[in-house]
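Colleague: Got a predicted model here, sequence first, then my questions.
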Amino acid sequence: MDDLTALRRTVRRCTAVLVAAIGVAVAALAGSTNAPVGLLLAGGALLYLGGSLVYVPESSSATGEGGTTDH
């Protein structure tokens, strides 16, 4: 896996963690009127995190950019 690809994935995951925290904070502070917005933010971010942990693209797991192995 390329270092730039790993960095991009890390930045996306960190952003998802921040969005989930902001969503929970919005849901807690907004009260009953705007709570669904915060819960949707948090839920979407958590779904993304779960998907990014489960799904690893075939091209980034075994091969480099050109489709050849790095071994």
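Modeller: Nice, thanks for sending it over. Values in this document were obtained by computation on a predicted structure and should not be read as measured data. Numbers count the residues shown, from 1 in each chain.

Colleague: Scan this protein for its longest helix.
Modeller: helix 3-30 (DSSP state H).

Colleague: Run the chain-centre distance for that helix.
Modeller: Offset of helix 3-30 from its chain centre (CA atoms, centre = their mean, to the nearest Å): 6 Å.

Colleague: helices and strands around it, which ones?
Modeller: If contacts are counted by 3 or more CB pairs under 8 Å, 6 or more residues apart in numbering; DSSP states H and E, helix 3-30 sits against helix 35-54. Just so you know, the C-beta spots here come from the backbone N, C-alpha and C atoms, and that holds for glycine as well.

Colleague: Now do the helix it packs on and helix 3-30, the angle between them.
Modeller: Helix 35-54 runs at 160 degrees relative to helix 3-30, counting by axes from the mean of the first three to the mean of the last three CA atoms, to 10 degrees.

Colleague: Pull out the buried residues from helix 35-54.
Modeller: Neighbour-count burial for helix 35-54 flags 38, 41, 42, 45, 46, 48, 49 (criterion: 16 or more other CB atoms under 10 Å).

Colleague: For the last one, which non-adjacent residue is closest in space?
Modeller: What sits nearest to residue 49 in space, not counting adjacent residues and going by CB to CB, 6 or more residues apart in numbering, is residue 16, at 5.0 Å.
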